[in-house]
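Dropping a prediction and its sequence here:
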Amino acid sequence: MAGVFAYESSEVDWCEDNYKHSENVVEYFNTMSSFIFFVVSPIMLYLFHPYARERNLAVHLVWFMMIFVGLFSMYFHMTLSYVGQMLDEISILWVLAIGYALWFPRRHFPFFVKDRSSFSRMVLVITIFTTLSSFIQPTVNAYALNCFAIHILYSLGLEMRSCTDQRALRLAQASIGLWVLAIFCWISDRFGCSVWKKLNFCYLHGIWHILIVVATAYGSTLIAYLDANYEIPHSLPNLQYWPRDNWALGLPYIALKGTTKTQKGC
Ligand SMILES: CCCCCCCC/C=C\CCCCCCCC(=O)N[C@@H](CO)[C@H](O)/C=C/CCCCCCCCCCCCC
Ligand SMILES: [Ca+2]
Ligand SMILES: [Zn+2]
């Protein structure tokens with residue numbers, strides 16, 4: 001039993017050299033780069049607040065859970081233990097489940113689902129089942145999680161087809177661009193390690209951490225914005241950037257401008 005907590009008890013070992021900078025931390029850069037979760041999550045909790053107050057305070061669960069994803073990611077890379085890997089992957093699964101339950105567009109619900117509460121209950125049952133199944137073959141979990149990302153991109157593509165809102169379109173391009181870069185780093189670290197070792201650059205998984213957190217900040221704001229246009233159009237949702245609206249590298253958020261119904265472009 002204690003073996004599942006043992007250092008390097010996970011079958012996964014990322015490209016970064018083990019114990020290079022510390023005898024207690026297996027992958028130092030991968031562990032430290034997970035700190036980005038603790039920086040971005042509180043800011044996103046703050047930026048999501050006006051939208052969450054209007055729509056549903058449960059929205060805060062997404063970025064609240066992301067703090068735990070960061071914590072478990074740090075623990076995983078510090079130990080490369082089996083428990084660390086499972087906590088890291090299962091926490092990502094639950095963030096995705098919360099995102100689906102909150103934001104999956106009502107008009108795309110399966111025919112037998114009548115409202116969002118039934119849909120959320122269905123997501124809960126599937127997530128519990130998937131959590132239990134994740135212990136059967138832990139090495140395939142990460143690939144299965146990435147398939148959810150592909151489904152999110154597909155659903156976003158469908159939504160954006162009829163969108164004429166330039167800010168939303170720009171945010172979609174940025175989110176997808178960041179996700180593509182992130183997934184390139186993740187796959188390259190997994191399968192191209194020998195090449196990166198020759199180049200003496202084994203930090204791609206750490207870079208993935210940074211890119212995927214920013215992609216999630218961009219992507220979740222865009223999804224929430226599309227949701228706000230359908231669910232709370234009277235609050236006139238508007239996309240802005242923090243800390244300054246004209247700063248292209250800021251974090252996006254939804255500003256609510258009022259209470260009059262208007263026709264939007266998405
Ligand atoms: C309509 C549905 C809306 C759902 C939106 C919810 C979006 C947030 C979902 C997930 C957060 C991703 C957190 C990533 C944590 C990375 C930790 C990590 O690096 N773990 C690795 C091991 O250390 C592990 O191998 C990684 C496994 C793969 C994880 C795949 C995550 C999918 C990310 C989905 C991102 C959506 C971006 C949207 C872009 C338009
Ligand atoms: Ca390693
Ligand atoms: Zn990681």
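That came through, no problem. Ligands and ions are numbered 1, 2, ... in the order given.

quick one: contacts for Trp179?
Counting by C-beta atoms under 8 Å, 6 or more residues apart in numbering, Trp179 touches 149, 153, 211-212, 215, 219. Bear in mind the C-beta positions are built from the backbone N, C-alpha and C, glycine included.

And those, which is the shakiest by pLDDT?
Within the set of these, pLDDT is lowest for Ala149 (87).

which other helices and strands contact the helix or strand hosting that residue?
Per DSSP states H and E: Ala149 is located in helix 138-160. Packing partners of helix 138-160 (3 or more C-beta pairs under 8 Å, 6 or more residues apart in numbering; DSSP states H and E): helix 82-103, helix 166-191, helix 204-231.

now the longest one against helix 138-160, angle please.
This points to helix 204-231. For helix 204-231 against helix 138-160, the angle by axes from the mean of the first three to the mean of the last three C-alpha atoms, to 10 degrees is 40 degrees.

Buried by neighbour count: which residues of helix 204-231 qualify?
For helix 204-231, the neighbour count (16 or more other C-beta atoms under 10 Å) marks 204-229, 231 as buried.

near ligand 2, which of those show up?
Among these, not one lies near ligand 2 by C-beta under 5 Å from the ion.

returning to what we had before: can you give me the offset of the helix holding Ala149 from its chain's centre?
11 Å (C-alpha atoms, centre = their mean, to the nearest Å).

Could you do stretch 149-161 as well?
Distance, centroid of stretch 149-161 to centroid of chain: 15 Å (C-alpha atoms, centre = their mean).

mind listing what's buried in it?
Those would be 149, 152, 155-156, 159-160, for stretch 149-161 by 16+ other C-beta under 10 Å.

Among the residues you listed, which one sits closest to ligand 2?
Ligand 2 lies nearest to Ala149 out of those, by C-beta to the ion, at 23.3 Å.

Run the angle between the worst-scoring helix or strand of the chain on mean pLDDT and helix 166-191 for me.
The weakest-scoring helix or strand in the chain, judged by mean pLDDT, DSSP states H and E, is helix 138-160 (a mean of 91). Going by the same axes, to 10 degrees, helix 138-160 is angled at 160 degrees with respect to helix 166-191.
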